[in-house]
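Trainee: got a sequence here, can you build the structure:
(one chain, ligands or ions: 2)
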Amino acid sequence: MIIRSAEVVVTSPGRNFVTLLVTTDEGLVGLGDATLNGRELAVAAYLREHVVPLLIGRDAHAIEDTWQLLYRGAYWRRGPVTMSAIAAVDVALWDLLAQRAGLPLYQLLGGASRTGLLAYGHAGGRDLPELFDSVRAHQDQGFRAIRVQTGVPGIDSLYGVATPETAYEPARRSPLPVEERWDTSAYLRHLPGVFEAVRHEFGPELPLLHDAHHRLTPIQAARLGRDLEPYDLFWLEDCTPAENQEALRLVRAHTVTPLAIGEVFNSVHDYRTLLGEQLIDFVRSSVTHAGGLTALRRILDLAALHQIKSGLHGPTDISPVGMAAALHLGLAVHNFGIQEYMPHAPATGEVFRPAFRFADGLLHPGEEPGLGVTFDRAAAERFPYQAAYLPVNRLGDGTVHDW
Ligand code: KDG
Ligand code: MG
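Mentor: Numbers count the residues shown, from 1 in each chain. Ligands and ions are numbered 1, 2, ... in the order given. So this is what the prediction gives:
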């Protein structure tokens, strides 16, 4: 199974995606997701200029050796651009191997450890009535676990809170990022009351999640985790920008609210203290940004030693290819926790045709050989790249803050 060609396609059906198509001498096509929100063209160039030439003529079976070649062989290590590029190659090779074996990919990762993957959906509302409607709508769609994001009085536009005009899609199509305003004190005052109201309305059993989206200092995060304890969260996500892993010691010392971290991480080294000292409860990385199935499997195995589970990143900027990879991995690993799931825009389905399904709150990758995703090259042409960026956050005095 020799790699004959590899092509990078940037397309924008509903939003931008970067997809790697690796073709073998037998005509099999393996797919990889290399989408890095707001930096798509950097990964596409990294792949086209520096990675594709290395792939041509290689044995497509050599997944581990190719991973090490791209990681160690570049000399420069880690970083989201590099690791997204490596991930795309890695996933495409796993896809090819499983297609050639005639098996759904999860069978090559050890087989199914469960019948389906518990998924959580994103509810959001500017005020309580809107939020309650959104939670109900998600329950009606079958979700058994729900992330709750809310408007905060005094903050105009907030991560995770769609307006009737804009569905959830934080990357806005424009040549430059839009700016939002942030007020930590207003958020910390408002949020516990929202969770009290949601618990009162929906009862004690519904698993509820919340994403603080990297905006708090450790002491603020400690306070929020403590204040939310009465509402029994499934997790509090990204309470701090966790490059400083040691900062989580302080948060952990003050709260028993479970913590989830890692969607912006791209290497096992970003997790060493967090996992080794059991400072988090869920690993949030995506296959797409953490170096592929080969690398994320290692992170999850290390997490398992510390009773830490998976909670893989699955917003719309993970393409159906990246999502399918997450589902095969999640079905196979023992320490699966939960999977984030946001259905893509209808236009995305014109380009990507995934076999995975969502029913009764559970996701399943399907039984097609390989990843179970096909990519319509001609349809992709109809949706050319459009510049789109995540917002930039500023405090009231203009200081740039974490978004
Ligand atoms: O590209 C950034 C988004 O993927 C991120 O904002 C989504 O925080 C996110 C989540 O939990 O899905
Ligand atoms: Mg998040």
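
Trainee: then the longest helix belonging to the chain to CSV, C-alphas only?
Mentor: If each helix of the chain is counted by residues according to DSSP state H, the longest one is helix 80-101. Extracted in CSV, the C-alpha atoms of helix 80-101 (Å, rounded to 0.1, in the frame of the first residue of the first chain):
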residue,chain,number,x,y,z
PRO,A,80,-1.0,23.7,16.8
VAL,A,81,0.0,24.2,13.1
THR,A,82,2.5,21.3,13.1
MET,A,83,0.4,19.0,15.2
SER,A,84,-2.8,19.6,13.2
ALA,A,85,-0.8,18.7,10.0
ILE,A,86,0.6,15.6,11.6
ALA,A,87,-2.9,14.6,12.8
ALA,A,88,-4.3,14.8,9.3
VAL,A,89,-1.6,12.5,8.0
ASP,A,90,-2.0,10.1,10.9
VAL,A,91,-5.8,9.9,10.6
ALA,A,92,-5.6,9.4,6.8
LEU,A,93,-3.2,6.5,7.3
TRP,A,94,-5.4,4.9,9.9
ASP,A,95,-8.4,5.3,7.6
LEU,A,96,-6.5,3.6,4.8
LEU,A,97,-5.3,0.7,7.0
ALA,A,98,-8.9,0.1,8.2
GLN,A,99,-10.3,0.4,4.6
ARG,A,100,-7.8,-2.1,3.4
ALA,A,101,-8.6,-4.5,6.3
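
Trainee: so what does it touch, helix or strand wise?
Mentor: Counting by 3 or more C-beta pairs under 8 Å, 6 or more residues apart in numbering; DSSP states H and E, the packing neighbours recorded for helix 80-101 are strand 17-24, strand 29-33, helix 40-45, helix 63-72, helix 105-108, helix 292-305, helix 320-332. Heads up, the C-betas are built off the backbone N, CA and C, glycines and all.

Trainee: angle of the second one against strand 17-24?
Mentor: What it means is strand 29-33. The directions of strand 29-33 and strand 17-24 differ by 150 degrees, with axes from the mean of the first three to the mean of the last three C-alpha atoms, to 10 degrees as the criterion.

Trainee: and for the fourth one?
Mentor: Per the same axes, to 10 degrees, the angle that helix 63-72 makes with strand 17-24 is 130 degrees.

Trainee: tell me if I'm right that W235 and L209 touch.
Mentor: Yes - using C-beta atoms under 8 Å, W235 makes contact with L209 at a distance of 5.2 Å.

Trainee: between these two, which contacts overlap?
Mentor: Listed contacts common to W235 and L209 are A260; contacts here mean C-beta atoms under 8 Å, 6 or more residues apart in numbering.

Trainee: picking up where we left off before, could the helices and strands packed on helix 80-101 go into CSV alongside distance to P192, mean pLDDT and mean neighbour count?
Mentor: As requested, the helices and strands packed on helix 80-101 are exported to CSV (distance: least, C-beta to C-beta, whole Å; pLDDT from 0 to 100; neighbours: other C-beta atoms under 10 Å):
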stretch, distance to P192, mean pLDDT, mean neighbour count
strand 17-24, 37, 98, 24
strand 29-33, 37, 98, 27
helix 40-45, 38, 98, 20
helix 63-72, 43, 98, 17
helix 105-108, 40, 98, 21
helix 292-305, 29, 98, 21
helix 320-332, 31, 98, 29
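
Trainee: identify whichever of those lies nearest to ligand 2.
Mentor: The closest approach between ligand 2 and any of these, judged by C-beta to the ion, belongs to helix 320-332 at 14.4 Å.

Trainee: could you identify the helix or strand that succeeds that closest one?
Mentor: Proceeding C-terminally, helix 320-332 gives way to strand 336-340 as the next helix or strand, assigned by DSSP states H and E.

Trainee: distance of T11 relative to ligand 1?
Mentor: According to C-beta to the nearest ligand atom, to the nearest Å, T11 stands 17 Å off from ligand 1.

Trainee: brain fart, E205
Mentor: Taken as C-beta to the nearest ligand atom, the span from E205 to ligand 1 is 23 Å.

Trainee: nice, that's everything, thank you.
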